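>>> Pasted the sequence and its predicted model underneath.
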Amino acid sequence: MYLTMWEEKALNGEFGEALALAMKVIVKVGEALGADRLITISHAHVSGISVHNIGVEGVELIESIARKGGKVRVYTTANPCSLAYLQKLRNVYGEEIYSLQHRLVEALIAMGVDAKSFTCTPYVLRRPSMGEHLAWSESSAVIYANSVIGARSNREAGFIALMAAISGRTYYAGLHDDENRIPQLLIDVEFRVNSIALASALGLYLGAICSEIPFIRIRFDAPSMLRQIMIKSMLASIATTSDLGMVYLDGITPDIHRIRIDIQSLERISVDMNDVKNYMESCHANVLFIGCPHLTVSEIKTLLGSETVVHQLKALNIEKILIATPKLTENFESELYRSIGVRLVKHGIEFELLPGVCPVVSDLRKAGLSAVMTIHGKAAHYMPRVAGVKACLVNVL
């Protein structure tokens, strides 16, 4: 692999132990993937920061890198952590888990990770430009960046993304290279997508059948804000049941003009409603979780702001809504309570905002939950495996 003079010096430890480690990791991964050089990045995003996933050893590893002088060289954000981070749940999860989660977050902030991040939607905090090189490790953010924004990132492991942040470099391979961004399959969705849950179910199905980048022809039947949430949730679901970091959405993906290929010549697969119905299994739960990926204030208002939606939730016997969000502003909770909370509470529905954290990467059994409804395919897929609760998609909102 060709390295610049600075990269050689960094690799050899002339600028400190932590940077040398980061360079060694990035170079080794790049060499394994056939990269002939490194490229600079402008934004790194680190995932895997729930103590329920990373454990004591993982926390100690991150702390050791911080003690060795590890500092990020580019703007860096991090994924949401577990509910164990919240003061109000300190007694629920116990002092040891609470302390570990705080130690991990503090170590990342000490290295320069944006303290106002901790979200799975880093593009809300800083939207990359088309063609910009990133090192992101949240699968739903990676597929969104490549497919909607036209930026470039591979699906990195959380630790690799941290090493990229410290070095300011990643390897030139995978989705950074035009040659690896060419669709191999044409997908025709033969029904209109008119709900977030349906978009999610479709995404889970598409991820299960696609091993190569697809070009997807699809119609969303919804106003612009709701359509945006549908796209986010569908892409997150595709990334859940596949290792895809990119798809082409007809009329949406901005760098479609780069494709020098006859789309009609690709192998074609038609998808109808019968293909996705198995992902819409029902379950009995009085808790609804939304915000996977995280939702902004405007998106929450769009979803929960009408009397019709409240009546739909009541018909499903929903008693509580958990809403995962970025950290946002200090007054967002009172703003949301005034705009939607009063109506929900009036109808006997509690709502709880969870800024900077995520139920999916938390042990929800300790929080007293056994089953959860959701509109997001990623949450429905991972909650039984990671959070320890039964979960299902519900066709509401």
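In hand now; what should we look at? Numbering: from 1, shown residues only.
>>> In terms of helices and strands, where is residue 10?
If you go by DSSP states H and E, residue 10 is part of helix 5-11.
>>> what does that helix rub up against?
Contact with helix 5-11 is made by 3, 15, 19-20, 23-24, 27, 38, 167, 169, as judged by C-beta atoms under 8 Å, 6 or more residues apart in numbering. (Each C-beta comes from the backbone N, C-alpha and C, glycine too.)
>>> Could you export those to a markdown table, including columns for neighbour count and pLDDT?
Formatted as a markdown table, these follow (neighbours: other C-beta atoms under 10 Å; pLDDT from 0 to 100):
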| residue | neighbour count | pLDDT |
| --- | --- | --- |
| 3 | 15 | 98 |
| 15 | 15 | 97 |
| 19 | 23 | 98 |
| 20 | 19 | 98 |
| 23 | 26 | 98 |
| 24 | 16 | 98 |
| 27 | 21 | 98 |
| 38 | 22 | 98 |
| 167 | 30 | 98 |
| 169 | 29 | 98 |
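>>> Out of the residues you listed, list just those in strands.
38, 169 (DSSP state E).
>>> Kindly reformat the contacts of helix 5-11 as TSV containing distance to residue 121.
Converted to TSV, the contacts of helix 5-11 look like this (distance: C-beta to C-beta, whole Å):
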residue	distance to residue 121
3	34
15	33
19	29
20	33
23	29
24	31
27	30
38	27
167	25
169	24
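>>> What is the nearest of the contacts of helix 5-11 to residue 71?
Proximity of the contacts of helix 5-11 to residue 71 was ranked by C-beta to C-beta; the top entry is residue 19 with 8.3 Å.
>>> residues contacting the closest one?
Contacts of residue 19 (C-beta under 8 Å, 6+ apart): 10, 13, 69-70, 166-167.
>>> In three-state terms, label residue 322 for me.
strand (DSSP: H, G, I helix; E, B strand; the rest coil).
>>> Can you tell me which helices and strands the helix or strand encompassing residue 162 packs against?
Applying DSSP H and E as the criterion places residue 162 in helix 158-167. Using 3 or more C-beta pairs under 8 Å, 6 or more residues apart in numbering; DSSP states H and E, the elements in contact with helix 158-167 are helix 17-32, strand 43-46, helix 51-67, strand 134-136.
>>> Neighbouring strands - and their directions - for the shortest one?
Each strand pairing with strand 134-136, determined using DSSP bridges, is listed with its direction: strand 43-46 (parallel).
>>> so residue 217, which of the three states?
Strictly by three-state DSSP, residue 217 counts as strand.
>>> As a check, name the ranges of all strands in the chain.
38-40, 43-46, 75-78, 134-136, 169-171, 185-193, 214-220, 248-249, 267-271, 287-290, 320-325, 350-355, 371-374, 390-393.
>>> Distance-wise, check the closest residue to residue 1 other than its chain neighbours relative to residue 176.
Excluding the flanking residues, the one nearest residue 1 by C-beta to C-beta, 6 or more residues apart in numbering is residue 31, at 5.6 Å. Applying C-beta to C-beta, to the nearest Å, the value for residue 31 to residue 176 is 15 Å.
>>> Which one's more surrounded, those two?
residue 176 (19 against 13; other C-beta atoms under 10 Å).
>>> which non-adjacent residue is nearest that one?
Going by C-beta to C-beta, 6+ apart, residue 176 has residue 152 as its nearest residue, at 4.9 Å.
>>> in the sheet, who's paired with that neighbour?
Where residue 152 sits in a bridge, its partners, by DSSP bridges, are residue 133.
>>> State the number of residues packed around it.
So residue 152, with other C-beta under 10 Å, has 29 neighbours.
>>> who touches it in this structure?
For residue 152, counting by C-beta under 8 Å, 6+ apart, the contacting residues are 131-134, 145-146, 175-176, 181.
>>> let's go with 10 Å and repeat that
39, 41, 128, 130-136, 142, 145-146, 170, 174-178, 180-181, 245-246, 255 (C-beta atoms under 10 Å, 6 or more residues apart in numbering).
>>> cool, and residue 101?
49-52, 54, 59, 81-86, 93, 357, 362.
>>> of all those residues, which comes closest to residue 209?
Using C-beta to C-beta, the contacts of residue 101 come closest to residue 209 at residue 50, 29.5 Å.
>>> Please report phi then psi for that closest one.
phi -80, psi 130 (degrees, to the nearest 10).
>>> I figured it was touching residue 356, is that so?
No. In this structure residue 50 lies outside contact range of residue 356 using C-beta atoms under 10 Å: 11.9 Å.
>>> intersection of neighbour lists for the two?
With C-beta under 10 Å, 6+ apart as the test, residue 50 and residue 356 both reach 79-81, 85.
>>> Adding distance to residue 162 and pLDDT, write those out as JSON lines.
Putting the shared contacts of residue 50 and residue 356 into JSON lines (distance: C-beta to C-beta, whole Å; pLDDT from 0 to 100) gives the following:
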{"residue": "79", "distance to residue 162": "11", "pLDDT": "97"}
{"residue": "80", "distance to residue 162": "16", "pLDDT": "97"}
{"residue": "81", "distance to residue 162": "14", "pLDDT": "95"}
{"residue": "85", "distance to residue 162": "18", "pLDDT": "95"}
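>>> now that we have these, which one has the most neighbours?
So for the shared contacts of residue 50 and residue 356 (other C-beta under 10 Å), the most neighbours sit at residue 80, 32 neighbours.
>>> Just list the residues touching it, thanks.
Counted by C-beta under 10 Å, 6+ apart, residue 80 has contacts 47, 49-50, 117-121, 138, 291-294, 324-327, 354-362.
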